[in-house]
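K.L.:
what follows is a predicted protein model with its sequence.
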Amino acid sequence: QKEVEQNSGPLSVPEGAIASLNCTYSDRGSQSFFWYRQYSGKSPELIMSIYSNGDKEDGRFTAQLNKASQYVSLLIRDSQPSDSATYLCAPRSSNTGKLIFGQGTTLQVKP
Amino acid sequence: DVKVTQSSRYLVKRTGEKVFLECVQDMDHENMFWYRQDPGLGLRLIYFSYDVKMKEKGDIPEGYSVSREKKERFSLILESASTNQTSMYLCASTHLTGLDEQYFGPGTRLTVT
C-alpha cells in the first residue's frame, strides 16, 4: 500500500463546476495535512492546511479531513480555467515529521 | 510574506562538472529540504537539515551532498554531474513544530549534457 494515494487523473470539469480531489493515506498517526497546487513547470504552492476532522473553508477551496477513514479531500467551487494544475496531497509523517507527498491529481477545467 | 529563493531558475552543465544549487529562506526556519521532481516519480527527498551544520539523508542521497553553514542558506552539491541528474530541483523550508507549513522555492531546472 502506498503511503499516500491520489488518482492521477486527469480530472476534467467544466468551468463553474465543483472539482473534488481525493487522497487516502496510510499513517494513522498523521496530525497535519496539506494541499499544494503545482502549475506545469512551476514549484508547488501551498493552498490549504487542515489539522482537525471536518471541513475547513478558504474562499473557493474547502479541505475535508476524516482521520478515522484516513481520507482527506479538496473541493474547489466555481472552478476556473486558472485552477487547471496538479494538486498534491501531503500528510505529515507521525514518525519522521516530514511531509509525504502523493503523486498528485491533474485537474483540467474546460471553459 | 514568506520567501524561499533559489540561485538559478535554469542551469545547463556538462557531465562531470561540480554543480552548486543554493537556497535561501527569510523565515527563520529551522528545517530545510532539497527535493528532486521527475515525471512519473513525483517529489523525492534528497537531503534535509534541521539546524546549522546538521544534515540527514533523504530517500535518494546518492550522488549529492549538502552544506548548511548559516541558518538561512542550504546548498545542494552535485560532486560530478551525470545525465541522470537532469531534473527539477526544489528547495523547501519549515519550522520545527509539526503543525507548521512548508514552503517551496521556485525550483531550478538542471540539464546535464
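P.N.:
Good, I have the coordinates. These numbers come from a predicted model, not from an experiment.
K.L.:
so how many other residues sit close to residue 106?
P.N.:
You didn't pick a chain, so chain A it is. 19 (other Cβ atoms under 10 Å in any protein chain shown). (Each C-beta comes from the backbone N, C-alpha and C, glycine too.)
K.L.:
that's the wrong chain, I wanted chain B
P.N.:
13.
K.L.:
is it true that it touches A:Lys42?
P.N.:
Yes: in this structure, B:Pro106 is within contact of A:Lys42 by Cβ atoms under 8 Å, at 7.3 Å.
K.L.:
mind listing what the residue nearest to the spatial centre of chain B touches?
P.N.:
Most central in chain B under Cα atoms, centre = their mean is B:Trp34, positioned 2.8 Å from the mean C-alpha point. Listed by Cβ atoms under 8 Å, 6 or more residues apart in numbering or on different chains, the contact set of B:Trp34 reads B:21, B:23, B:45-48, B:58, B:64, B:66, B:74, B:76, B:89-91.
K.L.:
output the residues you listed in a markdown table, with secondary structure and distance to chain A appended to each entry.
P.N.:
Formatted as a markdown table, the contacts of B:Trp34 follow (DSSP: H, G, I helix; E, B strand; the rest coil; distance: Cβ to the nearest Cβ, whole Å):
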| residue | secondary structure | distance to chain A |
| --- | --- | --- |
| B:Leu21 | strand | 13 |
| B:Cys23 | strand | 11 |
| B:Leu45 | strand | 7 |
| B:Ile46 | strand | 12 |
| B:Tyr47 | strand | 12 |
| B:Phe48 | strand | 7 |
| B:Gly58 | coil | 8 |
| B:Tyr64 | strand | 17 |
| B:Val66 | strand | 15 |
| B:Phe74 | strand | 15 |
| B:Leu76 | strand | 15 |
| B:Tyr89 | strand | 10 |
| B:Leu90 | strand | 6 |
| B:Cys91 | strand | 9 |
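K.L.:
compare those and tell me which is most surrounded.
P.N.:
Among the contacts of B:Trp34, B:Phe74 has the most neighbours (other Cβ under 10 Å), with 30 neighbours.
K.L.:
am I right that A:Ser20 is in contact with A:Leu75?
P.N.:
Yes: using Cβ under 8 Å, A:Ser20 is in contact with A:Leu75, at 5.5 Å.
K.L.:
got the residues of chain B near chain A?
P.N.:
B:33, B:42-43, B:45, B:48, B:90, B:98-99, B:101-107, B:109 (Cβ under 8 Å from any Cβ of the partner chain).
K.L.:
for A:Pro81, give me its contacts.
P.N.:
A:Glu15, A:Val109, A:Lys110, A:Pro111.
K.L.:
sorry, slip of the keys, the one I care about is B:Ser67.
P.N.:
B:Phe74, B:Ser75, B:Ile77.
K.L.:
low-confidence stretches in chain A?
P.N.:
When the per-residue scores of chain A are filtered using pLDDT under 70, no range remains.
K.L.:
so which residues of it form strands?
P.N.:
Using DSSP state E, the strands of chain A run over A:4-5, A:11-14, A:19-25, A:33-38, A:45-50, A:54-58, A:61-66, A:71-76, A:85-91, A:105-110.
K.L.:
nearest to B:Lys13, of these?
P.N.:
Proximity to B:Lys13 (Cβ to Cβ) singles out strand A:33-38 among the strands of chain A, at 24.6 Å.
K.L.:
angle of the closest one against strand A:105-110?
P.N.:
50 degrees (axes from the mean of the first three to the mean of the last three Cα atoms, to 10 degrees).
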